[in-house]
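>>> here is a sequence together with a model predicted from it:
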Amino acid sequence: MLALLLAVASPWLRRRVPNVWWALCGYPAAAVRVLWTWRQLADLQNLSVPKRPPLAVLGGVVLRGRALKPIKPRMGFPRWQRGGLVVRVRLHAGQTPEAYAAACESMAHAWQMFAVRAVSDARGSVSLRASAWDPLTVPFVPFVGSAGVLSAVVGLWEDGARWLIDLRRVPHWLIVGATRSGKSTLVAALVSQLARQKVALVGIDLKGGMELSLFEDRLSALATTRGEAADLLGKLVEVALSRMALCREAGARSIWELPEKGRPVPVVVLVDEVAELYLMASNSDKAEVTQVSTALLRLGQLGAALGIHLLIAGQRVGSDLGPGVTALRAQLAGRVCFRVSDKGTAEMALGDLDREALDAVQEISDDTPGVAVAFGAAGGSWMRARSQLVTPEEAQRVAKRYGYLAPAFAELEAGGAS
């Protein structure tokens, strides 16, 4: 009777509550398909191996052939996960994960899944992660709870895993995207979670503060002109140098090795429309641009160990802005590229890391805001992701609610502890 009810309700559940449908109907059927087709898939994709080498000597002649009963790789039971399943496979001696990655398309068809990815997260085995549908088409459920200091869950990876940006692991980020591509939404999602933590947020917004003013209640400082930005960045360099002296005195290589009670507050520097910092209308702007460029580069080089992190965002970031931008890019290991208006910006964001990622960016359409190509997925490679939607009203509410956590900038200059 229960099976009949599920069969009748399955189409409705799949349309309205896909995760419930997957748990009740989709996953059990998919698990059966995975186990039932595994032997045939392993044989057809040359993943099975014989017990003995496929060689024999007959009358002094070496013969080569295919074993009649090759042994399939040992597979564990498929484990449920939100919107998909994971199955671990033990590799045969001499096998590499690349052989399984090449067979993922065939697995997706045989298992009737949207996509399958092979991830090698342990020696001697590979995890096959199958997605029941495209996670980038399903609205992201906002993260509830703490992801850790300087960490934020901002969306979903293409394989269904939560997209976590961890500034302790990757200290500096470059985020680019055209208007209405999702760039500002990602920044809002990041800041709305960082605002809940004991960190200092500092903003530089040369669009008159139109974007970052949403978080003004939570910001320790906000610069809206290049002159103000140069002054603010210069002070942050001084903060970095004082923290360096503090670490040297304590015999520590970073602030994270200092006692928690006396540890300086981490600082996250938000820069919106970075191109405005480098544009020069006349020669009189050159000194100011040089000052800003030098300060940003020094923070990028020194900041990771001293608890000062950069989140650099912009619609257009190209090499035509000068060598300072290219030098700064080398310090920004984290990259997120939404749909962009020019190829040069995509080249600046991803071209020095993976050329194939550029093709993926160009395939992002106008009707998929929030979809980006980013680095930071399992294995350190690039993957498509979709950011969480944070409305301006939600951003303002978060900033006001946690405004009491914002330290005064003078406290940072004095080496205030968290």
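Thanks, I have it.
>>> how many neighbours does the residue lying closest to residue 407 once chain neighbours are set aside have?
Of all residues beyond its chain neighbours, the one nearest residue 407 is residue 200 (5.2 Å), with distances taken as Cβ to Cβ, 6 or more residues apart in numbering. For every residue, glycine as well, the C-beta is placed using N, CA and C. The tally of other residues near residue 200 (other Cβ atoms under 10 Å) stands at 27.
>>> was I right to think residue 200 contacts residue 268?
Yes - here residue 200 reaches residue 268: they are 7.2 Å apart, a contact under Cβ atoms under 8 Å.
>>> grab the nearest non-local neighbour of residue 360.
residue 373 is the one closest to residue 360 (Cβ to Cβ, 6+ apart), at 4.9 Å.
>>> surely the one you found is within a strand?
Yes - according to DSSP: H, G, I helix; E, B strand; the rest coil, residue 373 belongs to a strand.
>>> wait, what's in contact with it?
By Cβ atoms under 8 Å, 6 or more residues apart in numbering, the contact set of residue 373 is 336, 337, 350, 357, 360, 361, 364, 382, 383, 384, 385.
>>> same check on residue 75?
If you count contacts by Cβ under 8 Å, 6+ apart, then residue 75 has 34, 35, 38, 87, 88, 89, 90 around it.
>>> could you do residue 31 as well?
Residue 31 neighbours (Cβ under 8 Å, 6+ apart): 77, 78, 85.
>>> in the stretch 51-200 of the chain, where is pLDDT below threshold?
Counting by pLDDT under 70, the stretch 51-200 of the chain shows low-confidence ranges at 51-68, 138-146.
>>> can you report how many residues neighbour the residue nearest to residue 211 when sequence neighbours are not counted?
Leaving aside its chain neighbours, residue 211 sits nearest to residue 272 (4.8 Å; criterion: Cβ to Cβ, 6+ apart). Residues near residue 272, counting by other Cβ under 10 Å, number 23.
>>> residue 272 against residue 209, yeah?
No - counting by Cβ under 8 Å, residue 272 stays clear of residue 209, with 9.0 Å between them.
>>> beta partners of residue 87?
residue 128 (DSSP bridges).
>>> if we can go back for a sec, so the residue nearest to residue 360 versus residue 309, what's the distance?
22 Å (Cβ to Cβ, to the nearest Å).
>>> straight-line length of stretch 348-358, end to end?
With Cα to Cα, to the nearest Å as the measure, the ends of stretch 348-358 fall 10 Å from one another.
>>> which parts of it are buried?
Under the neighbour-count criterion of 16 or more other Cβ atoms under 10 Å, stretch 348-358 has 348, 349, 350, 351, 357, 358 buried.
>>> what residues does the host helix or strand of the last one touch?
Per DSSP states H and E: residue 358 is located in helix 355-362. Applying Cβ under 8 Å, 6+ apart, the contact partners of helix 355-362 are 337, 339, 340, 343, 346, 347, 349, 350, 351, 373, 382, 384.
>>> one step back: from the buried residues of stretch 348-358, pick the one nearest residue 46.
The nearest member of those to residue 46, counting by Cβ to Cβ, is residue 357 at 28.8 Å.
>>> redo the contacts of residue 373 as CSV? Include distance to residue 240.
Formatted as CSV, those follow (distance: Cβ to Cβ, whole Å):
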residue, distance to residue 240
336, 25
337, 28
350, 28
357, 31
360, 36
361, 33
364, 36
382, 30
383, 32
384, 35
385, 31
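>>> using PyMOL, define a selection of the buried residues within the residues you listed.
Those of the contacts of residue 373 that count as buried under 16+ other Cβ under 10 Å are selected in PyMOL with:
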select buried, resi 336+337+350+357+360+361+364+382+383+384+385
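>>> looking at the contacts of residue 373, which are in strands?
If you go by DSSP state E, the contacts of residue 373 have 336, 337, 382, 383, 384, 385 in strands.
>>> and these, which is closest to residue 103?
For the ones in strands among the contacts of residue 373, the nearest to residue 103 is residue 383 (18.9 Å; Cβ to Cβ).
>>> where does the closest one land on pLDDT?
If you check residue 383, the pLDDT there is 85.
>>> go on, residue 396?
pLDDT, residue 396: 86.
>>> how about the contacts made by the residue nearest to residue 158 when sequence neighbours are not counted?
In space, and not counting its chain neighbours, residue 158 is closest to residue 384: 4.2 Å by Cβ to Cβ, 6+ apart. Residue 384 makes contacts with 136, 157, 158, 360, 371, 372, 373, 374, as judged by Cβ under 8 Å, 6+ apart.
>>> ok, now which ones touch the first one?
In other words, residue 136. 156, 158, 368, 371, 384, 385, 386.
>>> tell me the one of those nearest residue 214?
The closest of the contacts of residue 136, once distances to residue 214 are taken by Cβ to Cβ, is residue 386, at 21.4 Å.
>>> does that closest one touch residue 370 like I think?
Yes - with contact defined as Cβ under 8 Å, residue 386 counts as touching residue 370 (4.9 Å).
>>> which neighbours do those two share?
Shared contacts of residue 386 and residue 370, counting by Cβ under 8 Å, 6+ apart, come down to residue 155.
>>> sorry, back to before: give the residues shared as contacts by residue 272 and residue 209.
With Cβ under 8 Å, 6+ apart, residue 272 and residue 209 have common neighbours residue 203.
>>> what segments of the stretch 101-250 of the chain are strands?
115-122, 125-131, 151-157, 162-166, 173-176, 200-205, 219-223 (DSSP state E, counting those that start in this stretch).
>>> among those, which is nearest residue 258?
strand 200-205 (16.4 Å).
>>> who's in contact with that closest one?
191, 194-195, 209, 211-213, 215-216, 218-224, 229, 232-233, 236, 265-273, 277, 406-407, 409, 412.
>>> show me the chain divided up by domain.
2-133, 136-413 (automatic domain parsing).
>>> most packed of these?
Across the domains of the chain, averaging neighbours per residue (mean count of other Cβ atoms under 10 Å) puts domain 136-413 on top, at a mean of 19.
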